[in-house]
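In: Please work out how this folds:
(chains A, B and C)
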Amino acid sequence: MELKFDPENPVYTHVINIDLVNQALDELEKEKVVGVDIESTSLDPHDTVILTVQIGTPVKSFLFDARQLKLGEIPRFKKFLEDNKIIKILHNGKFDYKHIKQNLNIEVANIYDTMLTEVVLNMGIGRGYYSLKELAGKYAGVDLQKAIRETFENMTPSTRLNESQLKYSAVDTLILFPVFDEQLKKLKKDDLVNIAKLEFAVTRVVGDMELRGVHIDIKKWKEIIKNTSAKRDGIAKMFQKEIRPFFKSNTIDLFGNIGDCININSQAQLMDLFNNKMHLSLPSTSDGILELVNNPIAKMLRDYRGYEKLVSAFGENLISKINKKTGRIHPEFNQLGTSTGRFSCNNPNFQQIPRQSEDAPFRACFTPEPGNKLVTTDYSTMEMRIMADLSGDQSLISAFQKGVDVHSHTAALMFGLDLSPNFAKDHPQERFAAKSINFGLMYGRGSNSLARQIGVSSEKGKEYLDTYFKLYPGVRRFLDKVAKEAVKNGWSTTPAGRKRWYIKPDKDDPDYQRKIGSIERQAKNHPIQGTNADATKYALVFLQEKIKEQGFDASPVLTVHDEVVCEVKEDQAEEWAKIQSKEMCRAGELFIKKVPVECKPFVADLWEH
DNA sequence: AGAGGTGGTG
DNA sequence: CATGCACCACCTCT
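Out: Take a look at the predicted model:
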């Protein structure tokens, strides 16, 4: 491929006054596709100075100086970036979108993201992040000089950009074009254009979500941490006292206090205690094993761990993530953080905050700002509905059409019982068994592990599975077909077109069967989990569109796989809740046609209910 | 610094 | 021989 620019000597204009702005836009407005990038002093959009906004054609880059010009107040500039007809190529556009929105009040529209594209092209066999340097090398054979980036962090409001900084900034927009051209060919070849477009639309919603952040009731949070650590410390003390007889000598510290016998957090020291001192012969110290041991010390460890987990993973650390400027927590959502299309979340991970419990009501600490409400909506039994729809199994479909509890329905059929209104209460074990199969199958689960969970012999487990598949023959056909095709093709797909790739093992690989089995399980799960993710992502885009169209004072603040939380102005909350529910259903119905999609909103002063 | 164990979520 | 999907955080140990 021939480059249309010289990476050593790129053509650029440093745009430092309004005349140059107009000249630059005269040229840029002729383009259908431009490259966009920014340089700033910090990664935090709430505490940063934007130095330049670079916008380029394939041959030339315009470096708009954001300190010498008030770019947000130039209508023509704003209109250009918000124009839906001009494609803006960005690398990791979420970053630029957030900085530009927060600092210039401009919402970049019609994004093509080279990083997201690369992830979409390599789902399952690639990574979650690709640097522009990597893609420049891969698609254009250009070795980007990245050391200069660090020099931007030390800029003061008055320091001038030097020539190498300007060149570096210019190359960053020029290089986007060859990457874009090559990626686009691959997107078309692999039939991934639509899913890439969805991801590009989602980026703006994620940007808004991260900018807005989540409000937290710090007082309540600290109270929970205090109580929980007190309980943890009490149990730890008892634990040390109880195990002391197993140790010959006590350690005494400087002040004459008896020290701990072991580090209760150490797996190795616990194994020594349980197996060498107490002779319990445990294979591990995991909760599942400890649960089976009838021993007060094991019980104490279980209790300790329950509290320790809460304190260490969700305690002080979360307080430190409150943004100084906004007073809110701004978790990072990675929209392609998983191989199936789901989001992942970190800093902190809001998708693993414990559910509501008497002991530690963590989720109740996430509250709306005064004057607002939180509207929470989740899809109900979404993945089961997806499995019913994709498999086309008439029996499972009709269960959902009747609106009955699907696990009870399954149990009644499997065990020849009447589906009474009190079924869940009257036959908890049967329902649990049916539920285990319903969920397990979506994970490609086998009869052995199923039998273990519901506490029956492996023969019985096999029998249950056979019975299940006689009831729902379409489910078996569907799962088998998906698994077989994934092994044959090297990929699986969701109805929306999201692909997941698999690396086929060599025929002479000693682990051949195990690896094939793993691919089959992943492939059975992918269309189901992935379709749920696709629906949630469409929903987020729909919600953002409705907010803009109808002028609601609202924003999504969280998404947890099958759930969306919006923070909304109090007097608009009830009206918005209806729309939120409707739009989420509409998104689900794009893929689920044979069974109803259900989602109910909940308006509250806290997350969860 | 990275791996392994453990455990929180959907 | 075994065979449950998708994550992230914290801890200890090497």
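
In: where do the strands sit along chain A?
Out: Remark: strands assigned in chain A by DSSP state E are A:12-15, A:33-40, A:50-56, A:61-65, A:87-90, A:111-113, A:332-334, A:344-346, A:372-379, A:491-493, A:499-501, A:554-559, A:563-569, A:599-604.

In: contacts for the first one?
Out: What that stands for is strand A:12-15. The contact list for strand A:12-15 (C-beta atoms under 8 Å, 6 or more residues apart in numbering) reads A:20-21, A:23-24, A:56, A:60-65, A:69, A:161, A:166-167, A:169-170. (C-beta placed from N, C-alpha, C; glycine too.)

In: again with the last one
Out: Taking contacts as C-beta under 8 Å, 6+ apart, the residues outside strand A:599-604 that touch it are A:373-380, A:573-574, A:577-578, A:580-581, A:584-585, A:588, A:609.

In: Of the strands of chain A, which is nearest DNA strand C?
Out: strand A:344-346 (3.2 Å; C-beta to the nearest atom of the strand).

In: give me every residue that touches A:Thr48.
Out: Neighbours of A:Thr48 in contact, by C-beta under 8 Å, 6+ apart: A:Ser40, A:Thr41, A:Ser42, A:His99, A:Asn103.

In: And the pLDDT for the spatially closest residue to the third one that is not a sequence neighbour?
Out: Just to be clear, that refers to A:Ser42. Nearest non-adjacent residue to A:Ser42, counting by C-beta to C-beta, 6 or more residues apart in numbering: A:Thr48, 4.0 Å away. With respect to pLDDT, A:Thr48 scores 94.

In: State the distance from A:Thr48 to A:Leu104.
Out: Taking C-beta to C-beta, to the nearest Å as the measure, A:Thr48 falls 11 Å from A:Leu104.

In: ok, now A:Gln183?
Out: Computed as C-beta to C-beta, the A:Gln183 to A:Leu104 distance reads 28 Å.

In: one step back: so can I have a markdown table of the contacts of A:Thr48 showing pLDDT, neighbour count and distance to A:Asn110?
Out: Compiled in a markdown table, the contacts of A:Thr48 are given as follows (pLDDT from 0 to 100; neighbours: other C-beta atoms under 10 Å; distance: C-beta to C-beta, whole Å):
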| residue | pLDDT | neighbour count | distance to A:Asn110 |
| --- | --- | --- | --- |
| A:Ser40 | 92 | 22 | 22 |
| A:Thr41 | 90 | 16 | 27 |
| A:Ser42 | 91 | 13 | 26 |
| A:His99 | 98 | 26 | 18 |
| A:Asn103 | 98 | 18 | 20 |
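
In: Which of those sits closest to A:Ala230?
Out: Of all the contacts of A:Thr48, A:Ala230 sits closest to A:Ser42, with 38.6 Å by C-beta to C-beta.

In: Might one say that that closest one is in contact with A:Phe152?
Out: No: A:Ser42 is beyond contact range of A:Phe152, at 9.5 Å (criterion: C-beta atoms under 8 Å).

In: What residues of stretch A:581-592 count as buried?
Out: Buried residues in stretch A:581-592, counting neighbours by 16 or more other C-beta atoms under 10 Å, are found at A:Ser581, A:Glu583, A:Met584, A:Cys585, A:Ala587, A:Gly588, A:Leu590, A:Phe591, A:Ile592.

In: and A:Asp571, how many residues sit next to it?
Out: A:Asp571 is flanked by 11 other residues according to other C-beta atoms under 10 Å.

In: before we move on, what about the one 3 residues further on?
Out: When counting by other C-beta under 10 Å, one arrives at 13 neighbours for A:Glu574.

In: The spatially closest residue to it that is not a sequence neighbour: how many residues sit nearby?
Out: Take A:Glu574 and drop its neighbours on the chain: the residue closest to it by C-beta to C-beta, 6+ apart is A:Val603, 6.2 Å away. A:Val603 has 18 neighbouring residues, counting by other C-beta under 10 Å.

In: ok, now A:Val406?
Out: If we define neighbours as other C-beta under 10 Å, then A:Val406 has 21 of them.

In: Next one: A:Ile297 from A:Thr228, what distance?
Out: According to C-beta to C-beta, A:Ile297 stands 21 Å off from A:Thr228.

In: List the contacts of A:Gln102.
Out: A:Pro45, A:His46, A:Leu211.

In: Just to check, the second one is in contact with A:Arg328?
Out: This means A:His46. No: judged on C-beta under 8 Å, A:His46 makes no contact with A:Arg328 at a distance of 9.5 Å.
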